[in-house]
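Enquirer: this one's sequence-less:
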């Protein structure tokens, strides 16, 4: 029995050994799956976060996160691992796959390498310093992986992928030395020079077409990268010698695509063979053209010359192709990246050849409707990046709101605005849909604020605290387009569009992320474009009423609303001279001047100074000087006894000084100017003579000294008269300026901690000229 047990144990052991020895090596299908998993891993790590702020693709951030993780490890923190720390392994994996003997694995390796280059090319190598990409250290591996892919025995399918990777690498900016890139550039030049040679008999003709179109695709993507970036100057040297050839080939490729993508009922019009496809292969090559179209059409449109012999026919060809791509069914819809290229092409095309369709209102309406649908399909969901959003609205502006070059269907058309056949109506709805799509709560808020004056607090989503870059761009471009529409619209369209446009501006200017200088300038452009139209005056007055209501509420902190008041009064004479508007403006600004918010007080004082100088002086500026301007001057006078504090901060007092200057400059008679000069000198001398030495008072005193020099030079006659009639005031002024200079010098010396032999600021005012 024991012998039997030993025999059984030995048999078992032999079986185990045999099973280990029969393990098969990993098949190429498994390796392809593994490399595809690497692609998926990179895509997942990208997520929705910008690469510059993603620690998986930012070396500095990854190190910071690892340091934080290490410091919190004792409190249960885990070690943080990031993709960038595995970059060497990723490159090695792609290199092994690309240099394998299996075509499918080579193709997958090339695709993954392209994704790595796109993801890490902008990553700064912090060890090398700014301006050095982390991929610089992997140039040899990338070049070694690419060169074998262009050998004669390599499949055209793999070669086509290698062309894309080669183009991506050259245009990535990792290495900008053209001499170093010469070998890789030659890999693209060789197939371009032989692009129309006989196909390889070992492969079917459709594959040869794919390779030909892929070569043009690679050059187009490199050209587009050059056009979009001012930093990639070296690409011009790479592209320039081949542009004449590329221009011809790109145009032929697009004509091929126009034929092979025709509907079946037009099959008899399609040539049996084209420039790059072969006899009777039309139905099998459409997908190749479809894939390359977005890049090629953008490149060709940049080279398109509307004045050339074929300019008109090429315009309609390109317009048709772009519109067709944007109207594909959802199952065949192009990717957001492809849509970006197409709308960029359409934008450039319309800017160059809009005159060809300026009288074709039906065609313009069709294109505008396509843009509307594209907006709903891609902008509202947030698919397009900032460049794509800007390009889409640029198309809309070119069609119906871009000044003299637009079709002006808004003015020439006979259709009513409310009609769905009106270009203005569709354009307007596109902008409104985009705004409400990005900020869904904005629509309900505006409705409630219109019916309920108490609704003053903007919802969180409207306040813009969670806006992404492309969402902010959407809001800005939609408002820019609405501004353009209003600037060229007829009276009927203005009545329909202007109230909503102005109301949206007022509410969006309250959003902290949008109330910047650029957005304010856009509002100024709108008011300037409609200021001469009497139809727009009631709406401008209504907007001022809305702004007043906002500013009179407690807790309002939107300084940009104060700018709205100044812009409308400065650019609209009808509003500026309206006595009711003047009274309400004065009341509101006086209340804001008491706001606990320092920024609001400072901005309010700046707006008051501007209003005091508004023209016409007799009916506008003089009124504000006598009301709100006087309040600022009184604050300056009160500050003589009560030194500037948080309540009387330096900026507000400086604006009071500016108002006082404005009174002198805008005086209607010499006698009035003389009296104002005496008042001005009395106030400034009293302030300079005060013994206050705070930081606020020193700042104001410095502004006063500068102001005296300017006023004395600009109104020399009145200055002399005051000095001559009041010698005591002249003596006080000289002494006060001397004391103020010494005070400033002492303050400067104490700040630096060093003994100065001379005052830091010398008294340069010479009173001999005023005797």
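Expert: That came in fine, so what should we check first? Every value quoted in this text rests on a predicted model; they were computed, and no experiment measured them. Numbering: from 1, shown residues only.

Enquirer: residue closest to the middle of this structure?
Expert: Averaging the C-alpha coordinates of the chain gives a centre point, and the residue nearest to it by CA atoms, centre = their mean is residue 473 (5.6 Å).

Enquirer: and that residue, what helix or strand is that in?
Expert: Taking DSSP states H and E as the definition, residue 473 sits inside helix 469-488.

Enquirer: tell me the helix or strand right after that helix.
Expert: Proceeding C-terminally, helix 469-488 gives way to helix 491-508 as the next helix or strand, assigned by DSSP H and E.

Enquirer: pull out the buried positions in that following helix.
Expert: Judged by neighbour count (16 or more other CB atoms under 10 Å), helix 491-508 contains these buried residues: 492-494, 496-498, 500-508. Glycine gets a C-beta too; all of them are placed from N, C-alpha and C.

Enquirer: that older thread, what's the angle from the helix holding residue 473 to helix 491-508?
Expert: Our comparison of helix 469-488 with helix 491-508, counting by axes from the mean of the first three to the mean of the last three CA atoms, to 10 degrees, yields an angle of 150 degrees.

Enquirer: in helix 469-488, which residues are buried?
Expert: Counting neighbours by 16+ other CB under 10 Å, one finds that the buried residues in helix 469-488 are 470-488.

Enquirer: sorry, back to before: ok, the residue nearest to the centre of the chain to residue 388 distance?
Expert: The span separating residue 473 from residue 388 equals 9 Å under the rule CB to CB, to the nearest Å.

Enquirer: phi first, then psi, for residue 124.
Expert: phi -80, psi 130 (degrees, to the nearest 10).

Enquirer: that one contacts residue 60, correct?
Expert: Yes. Between residue 124 and residue 60 a contact is recorded at 7.3 Å, counting by CB atoms under 8 Å.

Enquirer: neighbour-wise, which of the two wins?
Expert: Between residue 124 and residue 60, counting by other CB atoms under 10 Å, residue 124 is the more crowded of the two (16 against 12).

Enquirer: for the more buried one, which non-adjacent residue is closest in space?
Expert: The shortest distance from residue 124 to any residue other than its chain neighbours is 6.2 Å, reached at residue 130 (CB to CB, 6 or more residues apart in numbering).

Enquirer: ok, the one you found to residue 431 distance?
Expert: Residue 130 sits 40 Å away from residue 431, taking CB to CB as the criterion.

Enquirer: next one: residue 422
Expert: Residue 422 is 14 Å from residue 431, by CB to CB.

Enquirer: the more surrounded of the two?
Expert: Comparing residue 422 with residue 431 by other CB under 10 Å, the one with more neighbours is residue 431, at 29 against 24.

Enquirer: which ones are touching the more buried one?
Expert: The neighbourhood of residue 431, defined by CB atoms under 8 Å, 6 or more residues apart in numbering, consists of 393, 396, 478-479, 481-482, 485.

Enquirer: looks to me like it is in a helix.
Expert: Yes. With DSSP: H, G, I helix; E, B strand; the rest coil as the criterion, residue 431 is assigned to a helix.

Enquirer: give me the nearest residue to it, chain neighbours excluded.
Expert: For residue 431, the nearest residue in space outside its immediate sequence neighbours is residue 478; the separation is 4.3 Å by CB to CB, 6+ apart.
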